[in-house]
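Peer 1: sequence isn't available, so here's the structure alone:
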């Protein structure tokens with residue numbers, strides 16, 4: 001487990017240097033406004049991510065309300081079906097650059113990694129990343145097109 005944290009840290013550090021801002025769409029009704037999304041690796045859009053790799057994500061957002069505890073959720077829209085992807089660390093207040101509680105009218109930077117498992121099919125999809133508070137209210141939500149290769 002300690003080794004996994006080291007890999008995650010290296011991926012996050014590299015993402016600060018080599019990440020690419022990508023086109024994204026804020027979800028309607030979200031509690032925050034996402035202003036920038038960086039994805040590494042992302043050589044072209046839609047981002048082509050390799051199975052068996054880690055994707056590093058850096059999201060800049062402005063919190064519009066207060067939240068004491070936030071969790072990450074990741075979904076993929078495949079054939080118009082919303083499928084949840086498992087996360088190793090769904091707690092957005094731990095090892096993701098956020099200091100909880102979050103305060104309204106404040107800008108934050110959220111960092112995370114997503115393992116792209118070898119068993120995932122090669123497919124194009126729209127990924128949706130959410131932060132939700134302890135009352136299941138969206139704190140941010142955005143969508144970005146991806147291609148798993």
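Peer 2: All right, it came through fine. These figures come from a predicted structure and were not determined experimentally. Numbering: from 1, shown residues only.
Peer 1: dihedrals phi and psi, residue 138?
Peer 2: Backbone torsions for residue 138, taken as degrees, to the nearest 10, come to phi -60, psi 130.
Peer 1: any idea what it is bridged to?
Peer 2: In this structure, residue 138 has beta-bridge partners residue 132, where bridges are defined by DSSP bridges.
Peer 1: quick one: the strands in this structure, in order.
Peer 2: 20-21, 25-26, 32-40, 47-49, 53-63, 70-78, 81-85, 106-116, 123-133, 138-148 (DSSP state E).
Peer 1: would TSV of the ones you listed with mean neighbour count and distance to residue 96 be doable?
Peer 2: The way it works is simple: take the backbone N, C-alpha and C, and place the C-beta from them, glycine included. Formatted as TSV, the entries for the strands of the chain read as follows, by neighbours: other C-beta atoms under 10 Å; distance: least, C-beta to C-beta, whole Å:
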stretch	mean neighbour count	distance to residue 96
strand 20-21	14	19
strand 25-26	15	19
strand 32-40	19	14
strand 47-49	18	19
strand 53-63	21	10
strand 70-78	18	8
strand 81-85	11	16
strand 106-116	19	5
strand 123-133	20	9
strand 138-148	20	12
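Peer 1: how about those in CSV, adding distance to residue 100?
Peer 2: As requested, the strands of the chain are exported to CSV (distance: least, C-beta to C-beta, whole Å):
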stretch, distance to residue 100
strand 20-21, 26
strand 25-26, 22
strand 32-40, 14
strand 47-49, 28
strand 53-63, 11
strand 70-78, 7
strand 81-85, 22
strand 106-116, 10
strand 123-133, 10
strand 138-148, 10
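Peer 1: now for those, which one comes closest to residue 92?
Peer 2: Of all these, strand 70-78 sits nearest to residue 92, with 4.3 Å by C-beta to C-beta.
Peer 1: still on that earlier bit, and the strands of the chain, which one averages the lowest pLDDT?
Peer 2: The minimum mean pLDDT among the strands of the chain belongs to strand 20-21 (a mean of 81).
Peer 1: could you say what helices and strands that one packs with?
Peer 2: Based on contacts counted as 3 or more C-beta pairs under 8 Å, 6 or more residues apart in numbering; DSSP states H and E, the elements that strand 20-21 packs against are strand 32-40.
Peer 1: before I go, just wanted to say thanks for your time.
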